[in-house]
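Undergrad: return atomic coordinates for the entry below.
(one chain, ligands or ions: 1)
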Amino acid sequence: MSHAERLETLARLLGPLARRRVPLGPLTTYRVGGPAALFVEARSTDDLRRVRAALAEAPVPVLVVGRGSNLLVADRGFDGLAVKLSAGRSSEFAGVEIEPSGPGELTVRAGGAVGLPVVARRAVEAGALGLEWAVGVPGSVGGALAMNAGGHGADVAACLRRYGWFDLAAQAEGEGDLDRLAPAYRTSSVRPTEVVLWAELAARAGDPAAGRAALGEIVRWRRAHQPGGANAGSVFTNPPEAPAGALVEQAGAKGLRLGTAQVSTKHANFIQADEGGSADDVWRLIGAVRDLVEARCGVRLSTEVRLVGFEAGPSTRRAP
Ligand SMILES: Cc1cc2nc3c(=O)[nH]c(=O)nc-3n(C[C@H](O)[C@H](O)[C@H](O)COP(=O)(O)OP(=O)(O)OC[C@H]3O[C@@H](n4cnc5c(N)ncnc54)[C@H](O)[C@@H]3O)c2cc1C
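TA: Next up is the predicted model:
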């Protein structure tokens, strides 16, 4: 079977569960980029089982999409099956439950589709403290585990107890702990075909007023230090030498524009896309900035942003 035939077979097997040529740009915070050949919004583990069964007959590349806050999808799109967990009311992946789990301890259990800021705020209101850092990260619980998201001195690795996972490409699903997740700096063991269904996070009992104050402080700090507009947070991970933003500034690339993309003038590790702009411009700018930093600072930066549908690296010289 050719790739096109596999996609056709998949579409037929999935029926109304799958939609064709769904634009991915609006599902990302960059708000640019092309469509997924096929797209499924899963409301239940049963939906995921149907996807897995269909993929077993007609395997194609899979992209799991969270809140798209760390994704750059090429203008030509993703020529495979994109799967997103639904955050709608009827979805199995949209709940948050907070329960005591020991003296002074609580467990916050959240579905994979729930936004991290929602988790942080709901936890604080329930007197479950320690997750306030998550209010500034606009991703989903699933995306946060995949990326080991973090900030303000904490990250997923510091608070994860257990999580549920489901593999779309193998007859495998189950529960895992921190050892299985193997979180490292902005990455983890989550494979491209693995879906994080839910997570249990550890919190400590405390005064909601203190939590609210911490949330407010984090939101103020973000507004003061980070740009708005269409971006995906930090473009590059921080190398051991220096913060990536400082290196970009040192290389003279702060404010650099290429077509419809620009390095933020507020924070040099952010790239902003113009409204109606091009993902390929963002990609080219990532490559240009990386080449400048390498040439002028002698450090080769790695992208934190996950690049989807680009054939080679965003550089005239090397792949990312
Ligand atoms: C303004 C702004 C500020 C940010 N600040 C921070 C910050 O302080 N700290 C930080 O760590 N990040 C930050 N980010 C980046 C981003 O929010 C995080 O990486 C976040 O964890 C991504 O989650 P997501 O749901 O948006 O994932 P996506 O961007 O949709 O996907 C990212 C990766 O996770 C995978 N994935 C998504 N959902 C699932 C799932 N359910 N199961 C398995 N895999 C999944 C995708 O396949 C992809 O590989 C920021 C982004 C923005 C736009």
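Undergrad: please enumerate the helices of the stretch 101-250 of the chain.
TA: 116-125, 141-147, 156-159, 178-181, 208-225, 244-250 (DSSP state H, counting those that start in this stretch).
Undergrad: out of the ones you listed, which one sits most buried?
TA: helix 141-147 (a mean of 28; mean count of other C-beta atoms under 10 Å). Where you see a C-beta, it was placed from the backbone N, CA and C, and this is true even at glycine.
Undergrad: circling back to that earlier point, for Arg306, which of the helices of the stretch 101-250 of the chain is the nearest?
TA: Taking C-beta to C-beta, helix 141-147 is the member of these nearest to Arg306, at 8.2 Å.
Undergrad: buried stuff in stretch 230-241?
TA: With burial defined by 16 or more other C-beta atoms under 10 Å, the residues of stretch 230-241 counted as buried are Ala230, Asn231, Ala232, Gly233, Ser234, Val235, Phe236, Asn238.
Undergrad: stretch 172-190 now?
TA: Within stretch 172-190, the residues that count as buried by 16+ other C-beta under 10 Å are Glu173, Gly176, Leu178, Leu181, Pro183, Arg186, Ser188, Ser189, Val190.
Undergrad: what's the most distant pair in those residues?
TA: Farthest apart among the buried residues of stretch 172-190 by C-beta to C-beta are Glu173 and Arg186. That separation is 25.2 Å.
Undergrad: just the buried residues of stretch 172-190: which are in strands?
TA: Using DSSP state E, the members of those that fall within strands are Glu173, Gly176.
Undergrad: can you redo the buried residues of stretch 172-190 as CSV with pLDDT and distance to Val137?
TA: Written out in CSV, the entries for these read as follows (pLDDT from 0 to 100; distance: C-beta to C-beta, whole Å):
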residue, pLDDT, distance to Val137
Glu173, 98, 26
Gly176, 98, 21
Leu178, 97, 19
Leu181, 98, 17
Pro183, 97, 14
Arg186, 96, 11
Ser188, 97, 15
Ser189, 97, 20
Val190, 97, 16
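Undergrad: now the buried residues of stretch 172-190 as CSV including distance to the ligand?
TA: Formatted as CSV, the buried residues of stretch 172-190 follow (distance: C-beta to the nearest ligand atom, whole Å):
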residue, distance to the ligand
Glu173, 12
Gly176, 12
Leu178, 16
Leu181, 11
Pro183, 11
Arg186, 6
Ser188, 9
Ser189, 11
Val190, 5
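Undergrad: contacts with the ligand among the buried residues of stretch 230-241, please.
TA: Restricting these to those within reach of the ligand (C-beta under 6 Å from any ligand atom) leaves Asn231, Ala232, Gly233.
Undergrad: circling back to that earlier point, pick the one among the buried residues of stretch 172-190 closest to Ala273.
TA: Using C-beta to C-beta, Arg186 comes nearest to Ala273 of the buried residues of stretch 172-190, at 20.8 Å.
Undergrad: residues contacting the residue in the stretch 151-300 of the chain that the ligand sits nearest to?
TA: Proximity to the ligand, evaluated over the stretch 151-300 of the chain using C-beta to the nearest ligand atom, is greatest for Gly233 at 2.5 Å. Shown in contact with Gly233 (C-beta atoms under 8 Å, 6 or more residues apart in numbering): Thr29, Ser69, Asn70, Val137, Pro138, Gln226, Phe270, Glu304, Val305.
Undergrad: least confident pick among the residues you listed?
TA: Ranked by pLDDT, the contacts of Gly233 bottom out at Gln226 (94).
Undergrad: got the phi and psi for the nearest residue to Ala146 once chain neighbours are set aside?
TA: If you skip the residues right next to it in sequence, Ala146 has Val190 as its closest partner in space, 4.1 Å away by C-beta to C-beta, 6 or more residues apart in numbering. Main-chain dihedrals, Val190, degrees, to the nearest 10: phi -60, psi 120.
Undergrad: thought Ala288 was touching Arg257?
TA: No: the pair Ala288 and Arg257 fails to qualify as a contact (C-beta atoms under 8 Å) at a distance of 10.1 Å.
Undergrad: who has more neighbours, the two?
TA: Comparing Ala288 with Arg257 by other C-beta atoms under 10 Å, the one with more neighbours is Ala288, at 18 against 12.
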